[in-house]
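Asks: Based on what follows, work out the 3D shape:
(3 chains)
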Amino acid sequence: MSEKQHFFQKVYNVVAQIPYGRVTTYGAIAEYLGSKGSARMVGWALNSSKNSINALPAHRVVNRKGLLTGKRHFGGNETMKNLLESEGVIFNDNQIANFKELFWKPNSLF
DNA sequence: GAGTTGACGACTT
DNA sequence: CAAGTCGCCAACT
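Replies: Alright, predicted model coming up:
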């Protein structure tokens, strides 16, 4: 297992740790991994995860604005938004209204 | 093997 | 304040 895979593995690990009703951002995860600017890799990791047997709560990962940019990868419908709303997340159109409150940072106690 | 894309983010104009 | 550009690194064509 190379260190690159560690990057992906870490993403899986962090995303899996996101508490119910909480959300995080790609950048926060990337930063936690030590590659602050590689938020795209986090997205790639999730993209790979959907192809894997991993059942990651990727719907809890949004961009820094709290926008569901990845909803199109959930089948193109509002599955992502629906799931989050199910967890008590308040939405304003496609943006999380109380994003700041729900923001969960890796390395944070949960 | 080289170029393009991508679930982002921060900086610059 | 809004839009454009660059950087990040791996995967896909």
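Asks: Let me see the contact set for the spatially most central residue of chain A.
Replies: Residue closest to the average C-alpha location in chain A (CA atoms, centre = their mean): residue A:61, at 1.8 Å. Applying CB atoms under 8 Å, 6 or more residues apart in numbering to residue A:61 gives the contacts A:15, A:18, A:23, A:24, A:25, A:26, A:29, A:42, A:46, A:70. All C-beta spots, glycine's among them, are computed from the backbone N, C-alpha and C.
Asks: burial of residue A:52, as a residue count?
Replies: The number of residues packed near residue A:52 is 11, by other CB atoms under 10 Å.
Asks: For it, give me its contacts.
Replies: Counted by CB under 8 Å, 6+ apart, residue A:52 has zero contacts.
Asks: How about residue A:104?
Replies: Contact partners of residue A:104, counting by CB under 8 Å, 6+ apart, are A:18, A:19, A:22, A:23, A:24, A:60, A:110.
Asks: Now which of these would you call buried?
Replies: Buried by 16 or more other CB atoms under 10 Å: A:18, A:22, A:23, A:24, A:60, out of the contacts of residue A:104.
Asks: per-residue pLDDT, the third one?
Replies: We have a pLDDT of 95 for residue A:23.
Asks: Check residue A:38 too.
Replies: 89.
Asks: what's the residue nearest to it when sequence neighbours are not counted sitting at in phi/psi?
Replies: Take residue A:38 and drop its neighbours on the chain: the residue closest to it by CB to CB, 6 or more residues apart in numbering is residue A:30, 4.9 Å away. Main-chain dihedrals, residue A:30, degrees, to the nearest 10: phi -60, psi -40.
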